[in-house]
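J.: predicted model follows, preceded by the sequence.
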Protein chains: 2
Amino acid sequence: MDVAKAFGSVLRIERKRAGLTQEQLALICGYQRNYMSLLERGVHQPTLKTIFDLAGALHCDPVDMVAQVARMMSQS
Amino acid sequence: MDVAKAFGSVLRIERKRAGLTQEQLALICGYQRNYMSLLERGVHQPTLKTIFDLAGALHCDPVDMVAQVARMMSQS
DNA sequence: TTGTAGACTAACGTCGACA
DNA sequence: CTGTCGACGTTAGTCTACA
């Protein structure tokens, strides 16, 4: 499994868990709504700073998000 | 503390722990030696894929590296 | 051995618009 | 609400070379 696609899946899961739309999440963490779509579909690779920003907006641990990505990649 | 600088410190620590030079690390993970220098000094921001590549080359857990970054940022 | 420099290509991330 | 498109500025990452 690709790193970007794994992160996209994790991001989507965490966003839904937070009960937010892409637009709301984008507003909170100061990114474009468009870009949230690109990330969730694994089109773009996030930088480390982006990961921390997103996790902060989602009130979840960036370390845990990366752990989910690692788990997802070791599976398929 | 800046995200990039925190990651740079962690990278340097883990590289020394592995007993590698910047050049050796660069060779293993397929990046430029020059770029290792930029990362360690916090000049450049790594992408998620880069983090996994570096961790793989250093035989350490990418999740643990991010955890160290998070710890480092919460301190100063 | 590492830092730095410049010039370059590829990718990140913005912005407005439309299905 | 989300995907997509195009155009754009900024930064990630390459490559060569020198202190």
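T.: It's in. Numbers count the residues shown, from 1 in each chain, chains lettered A, B, ... in the order given.
J.: for chain A, which residues are neighbours of DNA strand C?
T.: Chain A comes close to DNA strand C at residues A:4, A:30-32, A:34-35, A:38, A:43-47, A:49-50, as judged by C-beta under 7 Å from any atom of the strand. C-betas here are computed from N, CA, C, even on glycine.
J.: tell me which helix or strand the spatially most central residue of chain A sits in.
T.: What sits nearest the mean C-alpha location of chain A, by C-alpha atoms, centre = their mean, is residue A:11, with 2.8 Å. Using DSSP states H and E, residue A:11 sits within helix A:3-17.
J.: between the next helix or strand after that helix and helix A:3-17, how big is the angle?
T.: Next helix or strand after helix A:3-17 toward the C-terminus (DSSP H and E): helix A:22-29. With axes from the mean of the first three to the mean of the last three C-alpha atoms, to 10 degrees as the basis, helix A:22-29 and helix A:3-17 are set at 90 degrees to each other.
J.: what residue in chain A comes nearest to DNA strand C?
T.: residue A:45 (2.4 Å; C-beta to the nearest atom of the strand).
J.: next, count neighbours for that residue.
T.: 18 (other C-beta atoms under 10 Å in any protein chain shown).
J.: I'd guessed it sits against residue B:46; true?
T.: No: the criterion here is C-beta atoms under 8 Å, and residue A:45 misses it with residue B:46 at 10.0 Å.
J.: how about the residues of chain A by DNA strand D?
T.: A:21-23, A:33-34, A:37-38, A:40-41, A:45, A:47.
J.: one more time with 10 Å
T.: A:8, A:12, A:15-16, A:20-26, A:32-41, A:43, A:45, A:47-50 (C-beta under 10 Å from any atom of the strand).
J.: now the nearest residue to residue A:72 once chain neighbours are set aside: how far from residue A:68?
T.: In this structure, residue A:72 finds its nearest non-sequential neighbour in residue A:6, 4.2 Å apart by C-beta to C-beta, 6 or more residues apart in numbering or on different chains. Taking C-beta to C-beta, to the nearest Å as the measure, residue A:6 and residue A:68 are separated by 8 Å.
J.: fine by me, we can end here.
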